[in-house]
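**Student:** Sequence below, structure please.
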Amino acid sequence: MSYKAEKFNINILGRPHCLHDQITKRQDICKNKGEQLDRMIKLQDSILVTGADGFIGSHLTEKLVRNGNKVKAFVYYNSFNSWGWIDSLPKEIKEEIEIFSGDIRDCNGVHEAMKSIDKVFHLAALIAIPFSYHSPDSYVDTNIKGTLNVLQAARTLETSRVLVTSTSEVYGTAQYIPIDEKHPYQGQSPYSATKIGADRLAESFYRSFSLPVTIVRPFNTYGPRQSARAIIPTIITQLLAGKEEIRLGSLTPTRDFNYVHDTVNGFIAISDSIKTIGEEINIATQKEISMGDLANEIIGQIHPSAKIICEESRLRPEKSEVNRLLGSNEKIRRLTGWTPQYTLETGITETIEWFKTHLDTYKVDLYNL
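**Tutor:** Numbering: from 1, shown residues only. Predicted structure coming up:
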């Protein structure tokens, strides 16, 4: 048995052996309190969230704090001292977060941030597909090298759990549906290619060094705080700004959309189960909708008389467009019991309400790459 396997099975979650022995005896004596004891262990975890200043990362950070966890937020260093969406969190939440400003591409900073950390949720990434067409080097540095930095630090520091964030884009256009975790990979953009590379690095550290890694693969996530480079904020912000013509790209591709709270709950459910170690796991609703039907749903909720205009500048290259994504959620249901709690209609409504009070933070007249 490797040092890491020993560590995980004998010294639970990096806690001293004496604490493990006490917990084991307590569970033997009073099995009906096992769940409460497990919860105590999880709350004692020191957690790092990389990309905590971003869309999903900020929601995950907030949820973990509300659950009573000790959380360190890895945010992108900048001269404005901006913590991204962490800045918008309620004061009582921010006061409970330890902020670490750094750059995921810097191995020294990543190693420093991960000292004394039990569990890492690695979300830091470059994600915009159009931007990856003309700046692929930055995607390799951030998505592949950044993930390698996390994995190397976790191996050196003997971190108890590492959750690496993937994307449904690694599958490319569906070759069969629903897309399960055995579906072939296809790099249809520099972005998706770098995420495939990052995923395979994570797998290699599990297989080569017994690092307790899980690859978490959310399908398209939407909700409050999402950037305008994504289709749902693009539609909502144009409509709320009073535009009569909504400018979009292709209307025929389909996607499987998760509301951000469901995605966050999926991350946490996966991290709470030892059954998920060494696995790749989709977070998906197992439902799809075309971009045209999605646009009409949002238009119907905000401004029913608006029209859709397809702009050539917003179209992906033909062989790069992912035409269909419909994910299987059988595995996450089986291993964790997770199920989506939001319908698309409910999630869209909540998202619209949030954008109504935050529209001034978006540049509606620009096409965001």
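**Student:** what's the burial count for K356?
**Tutor:** Residues lying near K356 (other Cβ atoms under 10 Å) number 11. For the C-beta atoms, the positions are set from N, CA and C on the backbone; glycine is no exception.
**Student:** er, E181 I mean
**Tutor:** Residues contacting E181 under the criterion other Cβ under 10 Å number 17.
**Student:** Could you check how far it is from E318?
**Tutor:** Noted for E181: a distance of 28 Å to E318, by Cβ to Cβ, to the nearest Å.
**Student:** ok, now S250?
**Tutor:** Distance from S250 to E318, by Cβ to Cβ: 10 Å.
**Student:** Mind checking which of the two has more residues around it?
**Tutor:** Each of S250 and E318 has its neighbours counted (other Cβ under 10 Å); S250 has more, 15 against 8.
**Student:** Now do the strands in the protein.
**Tutor:** 46-50, 70-76, 97-102, 119-122, 161-165, 213-218, 221-222, 245-248, 254-255, 258-259, 280-283, 289-290, 307-310 (DSSP state E).
**Student:** for the record, mean pLDDT for the longest one?
**Tutor:** Pointing back at strand 70-76 there. Taken as a whole, strand 70-76 has an average pLDDT of 98.
**Student:** next one: the third one
**Tutor:** Per-residue confidence for strand 97-102 averages out to 98 on the pLDDT scale.
**Student:** what's the longest helix in the chain?
**Tutor:** For the chain, the helix with the greatest residue count under DSSP state H is helix 190-209.
**Student:** gap between it and the chain center?
**Tutor:** With Cα atoms, centre = their mean, to the nearest Å as the basis, helix 190-209 stands 16 Å off its chain's centre.
**Student:** what angle do it and strand 161-165 make?
**Tutor:** 160 degrees (axes from the mean of the first three to the mean of the last three Cα atoms, to 10 degrees).
**Student:** buried stuff in helix 190-209?
**Tutor:** By 16 or more other Cβ atoms under 10 Å, the buried positions in helix 190-209 come out as 190-199, 201-203, 205-206.
**Student:** cool, and stretch 142-159?
**Tutor:** Result for stretch 142-159 [16+ other Cβ under 10 Å]: buried residues 142-155, 159.
**Student:** Next: stretch 236-252.
**Tutor:** Going by 16+ other Cβ under 10 Å, stretch 236-252 has these buried residues: I236, T237, Q238, L239, L240, K243, I246, R247, L248, G249.
**Student:** ok, the first one touching W354?
**Tutor:** To tie it back to what came earlier, the one meant is I236. No - I236 is beyond contact range of W354, at 9.2 Å (criterion: Cβ atoms under 8 Å).
**Student:** what's Q301 in contact with, if anything?
**Tutor:** Residues near Q301 by Cβ atoms under 8 Å, 6 or more residues apart in numbering: I348, T349, I352.
**Student:** top of those residues by neighbour count?
**Tutor:** Among those, the one with the most neighbours (other Cβ under 10 Å) is I348, at 24 neighbours.
**Student:** same question for the longest helix of the chain, mean pLDDT?
**Tutor:** 98.
**Student:** Please list the residues outside it that contact it.
**Tutor:** 2, 4, 125-129, 132-133, 136, 139-140, 142-144, 146-148, 151, 154-155, 162, 164, 166-167, 169-170, 172, 185-187, 211-213, 215, 277-278, 280, 322.
**Student:** Kindly recompute the last result at 6 Å.
**Tutor:** For helix 190-209, contacts defined as Cβ atoms under 6 Å, 6 or more residues apart in numbering pick out 129, 132, 136, 139-140, 143-144, 147-148, 151, 155, 164, 166-167, 169-170, 185, 187, 211, 213, 215, 278.
**Student:** do the same with stretch 76-86
**Tutor:** D53, S58, A73, V75, S101, G102, D103, R225.
**Student:** Dihedrals phi and psi, the residue nearest to Q186 when sequence neighbours are not counted?
**Tutor:** The shortest distance from Q186 to any non-neighbouring residue, by Cβ to Cβ, 6 or more residues apart in numbering, is to G172 (2.9 Å). Main-chain dihedrals, G172, degrees, to the nearest 10: phi 70, psi -170.
**Student:** Which pLDDT does the model give G172?
**Tutor:** G172 is given a pLDDT of 98.
**Student:** just the buried residues of helix 190-209 now: which is nearest I299?
**Tutor:** Distance to I299, by Cβ to Cβ, is smallest for Y191 among those, at 28.1 Å.
**Student:** Ramachandran angles for P184?
**Tutor:** As for P184, its main-chain torsions (degrees, to the nearest 10) stand at phi -60, psi 160.
**Student:** What separation is there between the residue lying closest to it once chain neighbours are set aside and L64?
**Tutor:** Leaving aside its sequence neighbours, P184 sits nearest to Q175 (Cβ to Cβ, 6+ apart; 6.3 Å). In this view, Q175 and L64 are 36 Å apart by Cβ to Cβ.
**Student:** sorry, back to before: going by neighbour count, which of the contacts of stretch 76-86 comes out on top?
**Tutor:** Most neighbours among the contacts of stretch 76-86, by other Cβ under 10 Å: A73, with 29 neighbours.
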